[in-house]
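Engineer: Attaching a predicted model along with its sequence, questions to come.
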Amino acid sequence: MDSELHNILALIISFFLFMILALKTWTNLSKTESSTNIPPGPWKLPIIGNMHNLLTSTPHRRLRDLAKIYGPLMHLQLGVFVAIVVSSAEYAKEILKTNDLIFASRPHILAADILFYESSDIVFSRYGNYWRHLRKICNMELLTQNCVKSFQPIREKEFTSLVKIIDSHKGSPFNLSEAVLSSIYHIISRSAFGMKSKNQEQFISVLKEIPPGAGFNVADLFPSAKWLQLLTGLRPQLEKVHRQFDRILGDIIDEHKKQKSKDKDGQGDAKEDLVDVLLKFQDGNGSNQDFCLTTNNIKAIILDMFGAGGETSSFTIIWAMAEMIREPRVMNKAQIEVRETFDMKGRVDESCIDELKYLKSVVKETLRLHPPIPLFARDCEQPCEIKGYRISVKHKVIVNAWAIGRDSSYWTEPERFYPERFIDNPIDHKGTNFDYIPFGAGRRICPGSTLGLINVELSLAFLLYHFDWKLPNGMKKEDLDMTDQYGLTVSKKDDLYLIPVTARPILNREACMQAKKGE
Ligand code: HEM
């Protein structure tokens, strides 16, 4: 009883403290902002500003709806911050190209500080030398075209295992979301860390514990009010997740150090991977005096590769399958292409992936409708003017890639899943077409697009080659729930269950050779 009373009192006190802080902030901000020419924005409530506009599990949708009223460059008052929301290709180009350097850092968020060791990873570190070094190392060791190509056997092996697992469930409902996520994590950990971490399944289950909306939380909007982080429950939840990640990441590093000393003793001959390279930069190690990493920095970077590369790719695969099951014409067309390409060989082979023009359009169309990172944020580091509007230092800029991909000014029938729109269309994801930015643009553009895309394209080729797919329990395609939800990335809210029907069995090596001879 005593503790209940204590909790209630704490809540009441916190509420009043929050109101006082918010009122003070709001009064100060109304004074400063009214005198500058900032973009239009919705009416603000006293004290909380526009925070109520974003109390939703799908902020990208709410922001698009607001932009329809207030325009493609609008401002919102979120706690102590002013957020400038960009919802058109023209303004995205102004931010991500014309003024790229001014907007090259990301805002500070609590989740990044706790999970990513004081934001010392690539995604959240501030623009500057440290970030440049990290990006260079990861590019050279993992993400160049050649590196990505060298991981082909890992991908083919993993997707063959996935197909075998699916085949053992043929005829009954199968949780494709879970199996695909696990395969993608296996591929990333084997490519980046040279092994199947024994902690991998644990890692996936810890990821699921990241609180929904961690990437965008009310506690981030009043950073000086530390008690708010406790009141919302975010800090303790994130700290719990962090402790679990920290143990797993520590194990990955220890495994590498052990392997390294075995190699020194002449007992092992493991190939160097990203973690080995990062360890060479560890405090005081070797010749790399100009750039040092702590163990925590290394952990943050490993987490980045899982975090930025895992969900993004696997959610794209699941959205593509969900869209195709609702549009059998598209699935059929993609299946014909994949089967015609690989029937002679009797198996899917990555070296022919560029022949799959239609499948590539399916992937592009999926990323247009369902960019896994629909909102990406940048800090304004220097006052500037965007088409007559004044953007001040420390304004947060949020680019709504999701809204831009569904804007009827650039896309006909924008809500329709229609991969044909990308056939014979030179538009690509490389950050020069600002009406299509699923990988972002400018200096902070995603460095993992090649790795991400090959994972998505190849997995879909495997899934479509070997199986026909049906919805479970006599469900009609119109009834498939396509609701999305926001965590750190946007996923389909419910896992996708489908019934696989084997169409092309997995051939063993000899049978493949025979099929090839018959070409
Ligand atoms: C379908 C797959 C993927 C999508 C749609 C995607 C999308 C994005 C987006 C939108 C950003 C923010 C870009 C910006 O601010 O302009 C980003 C950043 C990033 N992505 Fe990806 N990504 C994918 C796969 C990957 C993979 C496989 C990796 C690596 C293993 C990766 C690593 C990163 C990193 C490190 C950043 C931060 C870059 C920086 O801030 O400098 N991503 N990604």
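Structural biologist: Alright, I've got the coordinates. Note that the coordinates shown come from a computational prediction; the quantities given were computed from them, not determined experimentally.

Engineer: ok, for the residue positioned nearest the centre of the chain, nearest residue in space, not its chain neighbours?
Structural biologist: Centre of the chain computed as the mean C-alpha position; nearest residue by CA atoms, centre = their mean is residue 312, 3.9 Å away. Once flanking residues are discounted, residue 312 sits nearest to residue 372: 4.3 Å by CB to CB, 6 or more residues apart in numbering. Every C-beta, even on glycine, is put in place using the N, C-alpha and C of the backbone.

Engineer: For the one you found, give me its contacts.
Structural biologist: Contact analysis of residue 372 by CB atoms under 8 Å, 6 or more residues apart in numbering lists 311-312, 315-316, 438, 489-491.

Engineer: hang on, it is in a strand, isn't it?
Structural biologist: No - counting by DSSP: H, G, I helix; E, B strand; the rest coil, residue 372 is not part of a strand but coil.

Engineer: dump the residue contacts of the nearest residue to residue 328 once chain neighbours are set aside.
Structural biologist: Spatially, and ignoring its direct neighbours in sequence, residue 328 is nearest to residue 477 (7.3 Å; CB to CB, 6+ apart). By CB under 8 Å, 6+ apart, residue 477 lies in contact with 325-328, 471.

Engineer: possible to save these as TSV with secondary structure?
Structural biologist: Below are the contacts of residue 477 laid out as TSV (three-state DSSP):
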residue	secondary structure
325	helix
326	helix
327	coil
328	helix
471	coil
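
Engineer: of all those, which two lie farthest apart?
Structural biologist: 327 and 471 (12.7 Å; CB to CB).

Engineer: near the ligand, which residues of the stretch 201-350 of the chain show up?
Structural biologist: 304-305, 308-309, 312-313, 316 (CB under 6 Å from any ligand atom).

Engineer: Also the stretch 401-519 of the chain?
Structural biologist: Contact residues (CB under 6 Å from any ligand atom) of the stretch 401-519 of the chain with the ligand: 438-442, 444-448, 451-452, 456.

Engineer: got a winner among the residues you listed for most neighbours?
Structural biologist: Neighbour tally across these (other CB atoms under 10 Å): the maximum, 28 neighbours, falls on residue 452.

Engineer: That residue touches residue 312, doesn't it?
Structural biologist: Yes - Residue 452 is within contact range of residue 312, at 6.0 Å (criterion: CB atoms under 8 Å).

Engineer: about what we covered before: if any of the residues of the stretch 201-350 of the chain next to the ligand are buried, give me the PyMOL selection for them.
Structural biologist: Entered in PyMOL, the line below selects the buried ones among these, by 16 or more other CB atoms under 10 Å:
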select buried, resi 304+305+308+309+312+313+316
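
Engineer: Wait, a helix at residue 257?
Structural biologist: Yes - per three-state DSSP, residue 257 lies within a helix segment.

Engineer: Okay, helices next: where are they in the stretch 251-400 of the chain?
Structural biologist: 274-279, 295-326, 328-342, 357-369 (DSSP state H, counting those that start in this stretch).

Engineer: ok, residue 59 touching residue 485?
Structural biologist: No - taking contacts as CB under 8 Å, residue 59 lies outside contact range of residue 485: 10.8 Å.

Engineer: Of these two, give the one with the bigger neighbour count.
Structural biologist: A direct count of neighbours by other CB under 10 Å for residue 59 and residue 485 places residue 59 higher, at 22 against 14.

Engineer: Poorly predicted segments of the chain, please.
Structural biologist: Scanning the chain for pLDDT under 70 picks out 1-36, 47, 195-199, 212-219, 221-232, 265-270, 283-289, 487-488, 508-519.

Engineer: ranges for the strands of it?
Structural biologist: 73-78, 81-86, 174-175, 375-379, 384-386, 389-391, 396-400, 467-470, 484-486, 490-492, 497-502 (DSSP state E).

Engineer: My guess is residue 291 contacts residue 134. True?
Structural biologist: No - counting by CB under 8 Å, residue 291 does not reach residue 134; the two are 9.3 Å apart.

Engineer: Neighbour count: those two, which is higher?
Structural biologist: The neighbour count for residue 291 versus residue 134, taken as other CB under 10 Å, is higher for residue 134 (24 against 13).

Engineer: Skipping adjacent residues, who's closest to that one in space?
Structural biologist: Excluding its sequence neighbours, the residue lying closest to residue 134 (CB to CB, 6+ apart) is residue 122, at 4.8 Å.

Engineer: show me the contacts for the one you found.
Structural biologist: Counted by CB under 8 Å, 6+ apart, residue 122 has contacts 131, 134-135, 138, 301, 304, 308, 447.

Engineer: That one and residue 300: what is the separation?
Structural biologist: 8 Å (CB to CB, to the nearest Å).

Engineer: What of residue 364?
Structural biologist: Going from residue 364 to residue 300 by CB to CB gives 31 Å.

Engineer: between these two, who's got more neighbours?
Structural biologist: More neighbours surround residue 300 than the other of residue 364 and residue 300, with 27 against 20 (other CB under 10 Å).

Engineer: List the contacts of that one.
Structural biologist: If you count contacts by CB under 8 Å, 6+ apart, residue 300 has them with 116-117, 119-121.

Engineer: Save these as TSV, and put in neighbour count too.
Structural biologist: Converted to TSV, the contacts of residue 300 look like this (neighbours: other CB atoms under 10 Å):
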residue	neighbour count
116	25
117	23
119	20
120	22
121	24
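
Engineer: Neighbours of the closest residue to residue 470 other than its chain neighbours, how many?
Structural biologist: What sits nearest to residue 470 in space, not counting adjacent residues and going by CB to CB, 6+ apart, is residue 499, at 4.4 Å. A count of nearby residues for residue 499, using other CB under 10 Å, gives 17.

Engineer: Touching, residue 499 and residue 174? I think so.
Structural biologist: Yes - the pair residue 499 and residue 174 qualifies as a contact (CB under 8 Å) at a distance of 6.9 Å.

Engineer: Skipping adjacent residues, who's closest to residue 320 in space?
Structural biologist: Per CB to CB, 6+ apart, closest to residue 320 is residue 366, 4.2 Å.
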